[in-house]
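> Here you go, sequence then predicted model.
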Amino acid sequence: MWNAGDDIDAIQASLLRTLASPHRLRIIHRLGEHGCEVNELARALGMSQAATSQHLAAMRVAGIVDSTREGRTVRYRLSDPEILAACSLMREVLVRRLSRLGDLAASAERAPTGVAPQLSEAGHR
């Protein structure tokens, strides 16, 4: 039986696979500041033009970025500003998690030898 929820889940999974690259996440955060062309983006991120173009092509196919031709130059921008908001939200979640793990590591270092901090079943102190 057809289920629209299954379709949207498959599309979301495909989009997230496209985002599963540190280079592509850096591109998103840079394009979130302003649109730019491939050479400018490559220079700013310390990547080759060819690699940057390949990432942008994959992101364009997934609908993450749009491109506009201005003469001989192609400028890229995020197709929806909420893409940056979603990536930034996930980054905030990860920073909080890393902070909790850092706190746990600091507690373990301060504990007497052989005594580790107690964890709940969820992995929190």
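Perfect, thanks for sending it.

> Pairing partners for the helix or strand harbouring residue 67, with directions?
Assigned by DSSP states H and E, residue 67 belongs to strand 65-70. Here strand 65-70 is paired, per DSSP bridges, with strand 73-78 (antiparallel).

> For the residue nearest the centre of the chain, give me its contacts.
Centroid-nearest residue in the chain, with CA atoms, centre = their mean: residue 25, separated by 3.8 Å. Counting by CB atoms under 8 Å, 6 or more residues apart in numbering, residue 25 touches 19, 87. Every C-beta, even on glycine, is put in place using the N, C-alpha and C of the backbone.

> In terms of secondary structure, what does whichever helix in the chain runs longest contact?
In the chain, with assignment by DSSP state H, the single longest helix is helix 82-110. Helix 82-110 sits against helix 22-33, with contacts defined as 3 or more CB pairs under 8 Å, 6 or more residues apart in numbering; DSSP states H and E.

> next one: the helix it packs on to chain centre, how far?
8 Å (CA atoms, centre = their mean, to the nearest Å).

> and if you look at stretch 16-30?
For stretch 16-30, the distance to the chain centre is 5 Å (CA atoms, centre = their mean).

> can you tell me the distance between the two ends of it?
18 Å (CA to CA, to the nearest Å).

> With stretch 23-42 instead?
Distance between the two ends of stretch 23-42: 10 Å, counting by CA to CA.
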